[in-house]
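From the sequence below, what's the structure:
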Amino acid sequence: MNSLIDFLNNDIKPLKSEEKIIDAQELFSEFPYTHFPVTEDSIYIGCITKDDSETLSSNASIGNNRYDFKRFYVRSEMIWLDVLEEFAKNETNILPVLNDQNKYIGYYELEDVIKFFHETPFLKETGNLLIIRKEANNFSMSQIAQIVESNNAKLLGLFISKIDNNFIEFTLKINLGGLNDIIQTFRRYEYEIISEHQEDTYLKNLKDRSDYLDKYLNI
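Next up is the predicted model:
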């Protein structure tokens, strides 16, 4: 698997503050970016937005509108999950990248970071997705991992997929092991199973009993 820094992009040089708004307009008309980085004397000073470029005078200097710039960025050493969070938080499809000396070194595109995510074991490896739910003050990450591993399975990944009042939902990616045994163990520890699985003998037994009762009542 590649490192995220391998996706660092320099195909398009940043806009310079002394350039005209028309240069930004032409860039946005050619490429589907929501923002684009601007530098002044090779120092990153922020991102001009596509929307702003469309409302400004074409002959105006880009730098004269710096107070409207969006000043988000990521560091070259940041992990991919933090980078993905910055994309979402800033509603952008491009992120300027700075090194630890605050020097602009390029940008990430959202599409490339999504590709990187697709290469993680959570998505790439074969396994079962299991969604469980429990009260926020009664769950334990170590307990969840222990339940999976005690049933001879491997936990490929886990994330909190929903927070609803006092309950938290977890999405698990599980490789190997008997899924039914894992499900029943979670139930014994009072976790609610949200996802449906053919291997779930508990639900199968409930259905069989319901079908039998319906048949009995219809006699």
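
from memory residue 139 sits against residue 168, does it?
Yes. Applying CB atoms under 8 Å as the test, residue 139 and residue 168 come out as touching, 6.2 Å apart. For glycine as for every other residue, the C-beta is placed from the backbone atoms N, C-alpha and C.

Could you tell me how far stretch 90-105 lies from the centre of the chain?
Chain-centre distance of stretch 90-105: 18 Å, with CA atoms, centre = their mean, to the nearest Å.

With stretch 182-198 instead?
With CA atoms, centre = their mean as the basis, stretch 182-198 stands 25 Å off its chain's centre.

how far does it stretch from start to finish?
13 Å (CA to CA, to the nearest Å).

Now it: buried residues?
182, 183, 185, 186, 191, 193, 197 (16 or more other CB atoms under 10 Å).

What strands line up against the top strand by length along the chain, and which way round?
Counting by DSSP state E, the longest strand found in the chain is strand 154-164. Applying DSSP bridges to the sheet, strand 154-164 is found paired with strand 167-175 (antiparallel).

following the strand it pairs with, which helix or strand shows up next?
helix 179-188 (DSSP states H and E).

could you give the angle of that next one to strand 167-175?
Relative orientation of helix 179-188 and strand 167-175, computed by axes from the mean of the first three to the mean of the last three CA atoms, to 10 degrees: 160 degrees.

packing partners for helix 179-188?
When contacts are defined as 3 or more CB pairs under 8 Å, 6 or more residues apart in numbering; DSSP states H and E, helix 179-188 packs onto strand 128-135, helix 141-150, strand 192-193, helix 201-217.

what stretches of this structure score poorly on pLDDT?
Scanning the chain for pLDDT under 70 picks out 1-2, 177, 199-219.

Can you give me the neighbour number for the residue nearest to residue 71 when sequence neighbours are not counted?
Ranked by CB to CB, 6 or more residues apart in numbering and with sequence neighbours excluded, the top spatial neighbour of residue 71 is residue 46, at 4.4 Å. Residue 46: 21 surrounding residues under other CB atoms under 10 Å.

Wasn't residue 46 part of a helix?
No. Checked against DSSP: H, G, I helix; E, B strand; the rest coil, residue 46 lies outside a helix; its state is strand.

Leaving out chain neighbours, which residue sits closest to residue 104?
In space, residue 104 is closest to residue 44, 4.1 Å off (CB to CB, 6+ apart).

Next: residue 122.
residue 157 (3.4 Å).

Could you double-check that the one you found lies in contact with residue 172?
Yes. Residue 157 lies in contact with residue 172 (CB under 8 Å); the separation is 7.4 Å.

between these two, who's got more neighbours?
More neighbours surround residue 172 than the other of residue 157 and residue 172, with 25 against 16 (other CB under 10 Å).

For that one, which residues are in contact?
Residues near residue 172 by CB atoms under 8 Å, 6 or more residues apart in numbering: 129, 130, 131, 132, 144, 148, 155, 157, 158.

hmm, try it at 7 Å
130, 132, 155, 158 (CB atoms under 7 Å, 6 or more residues apart in numbering).

how far away is residue 23 from residue 78?
Distance of residue 23 to residue 78, given as CB to CB, to the nearest Å: 29 Å.

quick one, which of the two is more surrounded?
residue 78 (19 against 15).
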